[in-house]
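J.: Build the 3D model from these lines:
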Amino acid sequence: MPAPTPVGATVHQRRAIDLEDLVEWTIRTQRADRDRVSLHAVELAAAAAIRRSHRPAGSFDAPAGWGVDSCVRVAEIGLAGTRVDGGGQIRGVAPRLHPDAEAVIAAIDRAFGSLKGWRRCVLDQARVGGRPLWNLGAQRFVPVKNTAPQGGGRRHVVMSEWETVPPLSVVARRMIGRGIRIVDDRGRRKFQQAEPGFSYRTLDDGSRQVVVRWSAVELLPSDAEIRDAREEYAAWHAGMMRVLGELLEVPLRDYRVTGFAAPAMPWIFT
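T.: As a prediction, this is how the structure comes out:
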């Protein structure tokens, strides 16, 4: 049985938090991913030794030592268990992180290992906050923009082709068949040989063709854009689930992870 809490003792209440908010706090507020980003390789080894609570090999004076440089200073300060006022922050070494932020960034490192793409996806999204944009809106037809160097004076692409139309004699017979006069009171035709604004041509067999023009359209967002947005969201969600798996058994000081509420495929429910 757990030991009873002493009378008058303060009970530390951990704050319930969703994984998404915890990772965003770790990266965006605590900037835990910035730690050690500009350390030299030897300095990084010293920092790693500190984290493992091991004294680095060598010393200031030993022939195999690292020399009197920043990596030894980092190591000695860490082993001393205190902060030394040296006039400012050491290059590449972030200020002391919250222990929960340290635990989260360590879990992220364990979750991905060599999977740099997934790790970058999770960290990039945490820096800006929120979730990857998967809903690009309803698809709609829009005119295709004209990207030609000259453009032809048009903002959008205009397509055209020759389309066969009935000869004038056929048109006249149809009008007569419907009881429509093809000439006016002065004996002039009521229909013109070619309507203004249209280009016609007559072929050797007597058939006529007219140029038909239309604006080319495309769907926006495109199927490829929708697919890419959903794949990015799915990769982020899968990465966060890996982090959750690493954090389930990690005791945090001030936070208690309640889970990961973001849906895996939100587009299914829209």
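J.: Wait, G259 touches D18, no?
T.: Yes - between G259 and D18 a contact is recorded at 6.7 Å, counting by Cβ atoms under 8 Å. Every C-beta, even on glycine, is put in place using the N, C-alpha and C of the backbone.
J.: Looking at these two, which one has more neighbours?
T.: Set side by side, G259 and D18 show more neighbours around D18, with 15 against 12, by other Cβ atoms under 10 Å.
J.: what's that one sitting at in phi/psi?
T.: phi -80, psi 150 (degrees, to the nearest 10).
J.: before we move on, what about W25?
T.: Dihedral angles (degrees, to the nearest 10) for W25: phi -60, psi -40.
J.: what about it, distance to F198?
T.: 66 Å (Cβ to Cβ, to the nearest Å).
J.: again with K116
T.: According to Cβ to Cβ, K116 and F198 sit 60 Å apart.
J.: One more: A234?
T.: For A234, the distance to F198 - Cβ to Cβ - is 51 Å.
J.: In terms of neighbours, single out the busier of the two.
T.: Taking other Cβ under 10 Å, A234 and F198 do not tie; A234 has more neighbours (15 against 11).
J.: Could you double-check that the more buried one sits in contact with P263?
T.: No - assessed by Cβ under 8 Å, A234 is found out of contact with P263, at 10.8 Å.
J.: any low-confidence regions in the stretch 51-200 of the chain?
T.: 51-96, 149-153, 169, 187, 189-197 (pLDDT under 70).
J.: what about the helices in it?
T.: 70-80, 99-112, 116-128, 168-177 (DSSP state H, counting those that start in this stretch).
J.: Give me the angle between the helix or strand harbouring W236 and helix 116-128.
T.: Using DSSP states H and E, W236 sits within helix 223-247. Going by axes from the mean of the first three to the mean of the last three Cα atoms, to 10 degrees, helix 223-247 is angled at 90 degrees with respect to helix 116-128.
J.: Sheet-wise, list the partners of the helix or strand following helix 223-247 with their directions.
T.: Per DSSP H and E, the first helix or strand lying C-terminal to helix 223-247 is strand 255-259. Strand pairing for strand 255-259, using DSSP bridges, gives strand 15-18 (parallel).
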